[in-house]
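# Provided below are the primary sequence and the corresponding predicted coordinates.
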Amino acid sequence: MAVYEFEGNCPEISESAFIHPSASVIGNVLIGAQCFVGPGAVIRADYGKVCLGSGCAVEDNCIIHSEPNSIVIMENDIIVGHGAIVHGPCLIKNNVIIGMGAIVSVGCEIGSYGFLAAGSVLLPEQHIPERTMAAGNPASPKKPLDEKLLYYSEKAPALYRELSGRYQKSLKLINS
């Protein structure tokens, strides 16, 4: 994994977190227990700060970045889908799912168990209420989460917590 100190700010990464070797973590970043950061992901806190609580999954090719003197706060058990972008300052509460290719802009907030559909765009300062699915460009609330999506919002992060440990134990480079 590529972990970089920048201007005296060194990432703090839990020993139980897994960061893929092709991911980059730069600067003022805090990554909590049992997080999973996938191949090609970039978590860049050269201007501001990025904080991931426990059990967050940042899937392949995601970008998380914060503006000057700002913070991206991702609470616990959040999934950021493949290729999504999260740009802070923003607040993403517990058990949120950000779909593949979605964009979360500056000043946004997603309430607990919020669900941002794949390819959706949250414009600056937009908010998704808790237990709500939002979709579109620009994204807008579509419906309350049903039992299936609530189950997914709990089950998927648990699977990634487990996957983090499995990767730490068994990922081996066999050809470079």
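Now that the structure is in, tell me what you want to look at.
# ok now the lengthiest strand in the chain, how far from the chain's centre?
As assigned by DSSP state E, the longest strand anywhere in the chain is strand 42-52. From the chain centre to the centre of strand 42-52 is a distance of 11 Å (Cα atoms, centre = their mean, to the nearest Å).
# which residues are contacting it?
For strand 42-52, contacts defined as Cβ atoms under 8 Å, 6 or more residues apart in numbering pick out 6-7, 9, 11, 23-32, 35, 37, 58, 62-74, 78, 88-89. C-beta: built from backbone N, CA, C; applies to glycine.
# sheet partners, orientation included, of the very next helix or strand once past that strand?
For strand 42-52, the succeeding helix or strand toward the C-terminus, using DSSP states H and E, is strand 57-58. Each strand that pairs with strand 57-58, with its direction, by DSSP bridges: strand 36-37 (parallel), strand 79-80 (parallel).
# how about the CA coordinates for the longest strand of the chain, as PDB?
Provided in PDB are the C-alpha atoms of strand 42-52 (Å, rounded to 0.1, in the frame of the first residue of the first chain):
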ATOM      1  CA  VAL A  42      -7.300   7.200  -3.300                       C
ATOM      2  CA  ILE A  43      -7.900   8.800   0.100                       C
ATOM      3  CA  ARG A  44      -6.200  12.200  -0.100                       C
ATOM      4  CA  ALA A  45      -6.200  14.600   2.800                       C
ATOM      5  CA  ASP A  46      -3.500  17.100   1.700                       C
ATOM      6  CA  TYR A  47      -5.700  20.200   2.300                       C
ATOM      7  CA  GLY A  48      -8.200  19.000   5.000                       C
ATOM      8  CA  LYS A  49      -8.900  15.800   6.900                       C
ATOM      9  CA  VAL A  50     -10.600  12.500   6.100                       C
ATOM     10  CA  CYS A  51     -11.900  10.300   8.900                       C
ATOM     11  CA  LEU A  52     -13.300   6.900   8.400                       C
END
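# buried set for it?
Residues of strand 42-52 classed as buried: 42-45, 48-52 (neighbour count, 16 or more other Cβ atoms under 10 Å).
# and those residues, which is closest to Lys143?
Checking these against Lys143 with Cβ to Cβ, the nearest one is Leu52 at 27.8 Å.
# what's near enough to touch Glu154?
Taking Cβ under 8 Å, 6+ apart, one finds 77, 95 in contact with Glu154.
# Ala156: which element?
Ala156 belongs to helix 147-170, assigned by DSSP H and E.
# right, I'll call it a day here.
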